[in-house]
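K.L.:
Mind looking at a prediction? Sequence and model below.
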Amino acid sequence: MNNLLTGAIAMGSLVIALFFLRFWRSTRDRFFMYFALSFAIEGAHRVYSAVTYQDSEDSPLHYLIRLLAYGLILWAILEKNLPARNKAR
């Protein structure tokens, strides 16, 4: 049952990544690229966790991968809300 739920979460994450990738391709806004990359990392991590048959996710590697994915989301939000630099002088 655990692998079934892990697979569903992985599929959902990868579908969401494709959804944001579609918006990035049409707008070329880095906000959508960061979100797509974050969800792709999360989906790949879930697939890796299911394939390696590890019962516990207590290793630091799992936390670092999730920290990277969530850090990308935070960076995208911060970058979007930071004031724009003066491009025309």
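P.N.:
Sure thing, it's come through.

K.L.:
Now do the helices in this structure.
P.N.:
Along the chain, the stretches classed as helices by DSSP state H are 2-27, 30-51, 60-81.

K.L.:
Arrange the ones you listed in TSV, one row each, with mean pLDDT and mean neighbour count as further columns.
P.N.:
Any C-beta I mention is one placed from the backbone N, CA and C, and that applies to glycine too. Shown next, in TSV, are these (pLDDT from 0 to 100; neighbours: other C-beta atoms under 10 Å):
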stretch	mean pLDDT	mean neighbour count
helix 2-27	92	14
helix 30-51	92	19
helix 60-81	92	13
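
K.L.:
got the contact list for the residue nearest the centre of the chain?
P.N.:
Geometric centre of the chain, nearest residue: residue 38, 1.6 Å, by C-alpha atoms, centre = their mean. By C-beta atoms under 8 Å, 6 or more residues apart in numbering, the residues touching residue 38 are 17, 69, 70, 72, 73, 76.

K.L.:
was I right about residue 13 contacting residue 35?
P.N.:
No. Applying C-beta atoms under 8 Å, one finds residue 13 not in contact with residue 35, separated by 11.2 Å.
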